[in-house]
Each structure stands twice: as C-alpha cells, then as structure tokens.
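Novice: using only what follows, build the 3D model:
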Amino acid sequence: MSENINLPLYYGASIEIFIRAETLRKNMTEAEKLLWEKLNHNQLSGFKFRRQHPINQFIVDFYCHKLKLVIELDGEIHNKTEVAERDAGREYMLQNFGLQVIRFKNSEVLKDIDSVITEIKRKTVELSAPNP
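Specialist: Model prediction:
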C-alpha cells in the first residue's frame with residue numbers, strides 16, 4: 001500500500017498520507033475550523049483552498065494550488081525546540097517544491113481572525129500579481 005499519487009498538486013504523496021489527511025480533516029482543531037470557515041468555498045479572493053492537504057510526505061493545514069501557497073497553524077507544541085526544528089526542515093522541503101509557506105499561531109487565529117485573513121489576502125495579492 002505504498003502507491004503514490006502523481007497528480008501535480010500532491011507532489012507524489014502516498015496513499016498512507018491521504019488516509020492520515022482524511023483522519024486529520026475529521027479532527028480539526030478549533031483554530032483550523034475557524035480559519036476553514038473563512039477559506040472554504042473560494043471565499044478568499046476567489047482562490048480555492050484545501051484543508052489537511054497531502055503534499056509528498058507531509059500534510060499541510062491549508063493549501064492553494066493555484067498560488068502554491070501553504071498556510072500552517074501552530075499550537076503550543078510548536079514552541080518546543082525539537083518541533084520548531086522539525087517545522088523548519090519541513091518548510092525548507094516544501095519551499096523546494098516551489099511553495100510559499102506562511103504560519104500563524106492558533107492563538108492568533110482564535111483571538112484576531114480578521115488580522116489573519118488580512119495577512120493571507122495580502123499574500124494572495126502578492127503571489128497572484130504578474131511578474132514584471
């Protein structure tokens with residue numbers, strides 16, 4: 001059961017990663033649920049976002065394939081040194097696929113969702129602007 005999905009938006013993710021992603025979608029954190037309410041159904045500038053999306057060996061919290069934009073939400077555990085180091089390595093690998101990664105703390109989403117949405121919109125404008 002180690003077959004990989006070779007569609008461009010999955011970057012060779014394995015069936016196992018898809019199964020884990022489905023489980024995560026069923027068990028989203030409160031911050032993920034709140035942000036998903038704002039991203040779902042192309043609400044953010046018409047861009048389609050996916051939640052708990054498989055990319056290669058990773059599952060990212062939110063992903064817009066058109067913009068190659070990953071949004072990650074970090075809970076308290078991400079403050080631990082070893083988790084922060086793992087996050088940095090993961091981000092480096094995602095960037096090697098040509099993806100942009102932006103991160104927010106769960107507390108930011110829960111306390112000030114409007115500022116988070118403003119920052120995501122700013123990033124979508126930046127990424128969708130034609131290159132000179």
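Novice: please name every helix or strand in contact with the helix or strand of the chain with the lowest mean pLDDT.
Specialist: Using mean pLDDT, DSSP states H and E, the weakest-scoring helix or strand in the chain turns out to be helix 81-96, at a mean of 84. The helices and strands touching helix 81-96, judged by 3 or more CB pairs under 8 Å, 6 or more residues apart in numbering; DSSP states H and E, are strand 58-64, strand 69-74, strand 100-105. Bear in mind the C-beta positions are built from the backbone N, C-alpha and C, glycine included.
Novice: what angle do strand 69-74 and the last one make with each other?
Specialist: Relative orientation of strand 100-105 with respect to strand 69-74: 20 degrees, computed using axes from the mean of the first three to the mean of the last three CA atoms, to 10 degrees.
Novice: from E91, how far off is E85?
Specialist: Distance, E85 to E91, by CB to CB, to the nearest Å: 11 Å.
Novice: these two - which one has more neighbours?
Specialist: Counting neighbours by other CB atoms under 10 Å for E85 and for E91 shows that E91 has the greater number, 17 against 10.
Novice: okay, the helices and strands packed on helix 81-96 in TSV with mean neighbour count, mean pLDDT and distance to L127 next?
Specialist: TSV is the format used below for the helices and strands packed on helix 81-96 (neighbours: other CB atoms under 10 Å; pLDDT from 0 to 100; distance: least, CB to CB, whole Å):
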stretch	mean neighbour count	mean pLDDT	distance to L127
strand 58-64	22	96	8
strand 69-74	21	95	6
strand 100-105	16	96	6
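Novice: before we move on, back to that, and the least confident helix or strand of the chain, C-alpha only, in CSV?
Specialist: Output of helix 81-96 as CSV, limited to C-alpha atoms (Å, rounded to 0.1, in the frame of the first residue of the first chain):
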residue,chain,number,x,y,z
THR,A,81,12.8,23.4,20.2
GLU,A,82,12.7,20.0,18.6
VAL,A,83,9.3,20.7,17.0
ALA,A,84,10.4,24.1,15.8
GLU,A,85,13.5,22.5,14.2
ARG,A,86,11.3,19.9,12.5
ASP,A,87,9.0,22.6,11.3
ALA,A,88,12.0,24.5,9.8
GLY,A,89,13.1,21.3,7.9
ARG,A,90,9.6,20.7,6.7
GLU,A,91,9.2,24.3,5.5
TYR,A,92,12.6,24.0,3.6
MET,A,93,11.4,20.9,1.8
LEU,A,94,8.0,22.5,0.9
GLN,A,95,9.9,25.5,-0.5
ASN,A,96,12.0,23.1,-2.6
